[in-house]
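*Asks:* A predicted structure for the sequence below; I have some questions about it.
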Amino acid sequence: MSEPACPARVVDLTHRRWCVPVLAQLHHARVSADSTGARFVGLTHRLGVGRDTLRQTLEYATAHGWVRRNPGHGHPLRPEFVLTGAGVPLAAACSRLWRAAVLSDLAEPIGRKWTLPILRVLSGGEARFGELKASLSAWGLTDRALSQSLRGLESAGLVTRRVTPEHPPVVRYALGERAGVLVRAAALL
């Protein structure tokens, strides 16, 4: 397997379930000049996310330098958020990824923590369980999390599992048919 490196940014982005859709929405608000899409309340309504979850996601994105509060706008209880210089290209990539996921009916799997990192590693070719684990263990991926993630990705058609007839049998994972659109969209992350 010629495994591509999984950038830390991909793991950071997927650490919080709502990072990709929030950054995509902030990108949309930026390019469409729709300030309601950048306001806290607008984000909760557009994304259907709870207030506490959105607050935690925005704090996380702020801590990573992707988002900041708009300092000269709005009431303190109705904050507006803007992308930073580092967040603008990342949000554009998240927008493409989120659009592709929604159009392919894959928004739910994209929200899982290890989906994009696993797909990123498998974009280099087939891999065994141990190879996947070694590629992502630096970021805290456990055997259980990898096993559950692979089962979920397989059921979504994003990953295929092949057992070789060798003795002992060898299990290999590869990208499924539906994964192509997400891998292409996530290539710029």
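*Replies:* Sure thing, it's come through. Numbering: from 1, shown residues only.
*Asks:* Spell out which residues make up each domain of the chain.
*Replies:* Segmentation of the chain into domains, based on automatic domain parsing, reads 18-105, 112-186.
*Asks:* the strands in this protein, which residues?
*Replies:* 67-69, 81-83, 127-128, 159-163, 171-175 (DSSP state E).
*Asks:* Just give the strands next to the third one in its sheet, each with its orientation.
*Replies:* Put plainly, it is strand 127-128. Partners of strand 127-128 in the sheet, by DSSP bridges, are strand 171-175 (antiparallel).
*Asks:* Mind listing what's buried along the partner strand?
*Replies:* Neighbour counts over strand 171-175 (16 or more other C-beta atoms under 10 Å) mark 172-173, 175 as buried. Bear in mind the C-beta positions are built from the backbone N, C-alpha and C, glycine included.
*Asks:* Please apply the same query to stretch 153-173.
*Replies:* 153, 156, 158-160, 172-173.
*Asks:* now do stretch 95-103
*Replies:* Result for stretch 95-103 [16+ other C-beta under 10 Å]: buried residues 95-98, 100-101.
*Asks:* now the residues you listed in CSV, with pLDDT and distance to Arg39?
*Replies:* Converted to CSV, the buried residues of stretch 95-103 look like this (pLDDT from 0 to 100; distance: C-beta to C-beta, whole Å):
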residue, pLDDT, distance to Arg39
Ser95, 94, 18
Arg96, 94, 23
Leu97, 93, 23
Trp98, 94, 19
Ala100, 92, 26
Ala101, 92, 24
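*Asks:* Need those in CSV (columns: distance to Arg17).
*Replies:* Listed next are the buried residues of stretch 95-103 as CSV, based on distance: C-beta to C-beta, whole Å:
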residue, distance to Arg17
Ser95, 17
Arg96, 19
Leu97, 14
Trp98, 12
Ala100, 17
Ala101, 13
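*Asks:* thinking again about what came up before, can you tell me which of the domains of the chain has the worst average pLDDT?
*Replies:* Mean pLDDT is lowest for domain 18-105 out of these, coming in at a mean of 89.
*Asks:* and the gap between Pro21 and Gly111?
*Replies:* To Gly111, Pro21 is 8 Å away according to C-beta to C-beta, to the nearest Å.
*Asks:* out of those two, which sits in the busier spot?
*Replies:* Pro21 (24 against 16; other C-beta atoms under 10 Å).
*Asks:* that older thread, would you turn the domains of the chain into TSV with distance to Val10?
*Replies:* Formatted as TSV, the domains of the chain follow (distance: least, C-beta to C-beta, whole Å):
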stretch	distance to Val10
domain 18-105	10
domain 112-186	5
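*Asks:* all helices in the chain, in order from the N-terminus.
*Replies:* Counting by DSSP state H, one finds helices in the chain at the ranges 8-15, 19-32, 40-47, 51-63, 87-103, 107-110, 115-122, 129-136, 143-155, 179-186.
*Asks:* on that earlier part again, name the nearest of the buried residues of stretch 95-103 relative to Gly85.
*Replies:* Among the buried residues of stretch 95-103, Ser95 lies closest to Gly85 (C-beta to C-beta), at 16.7 Å.
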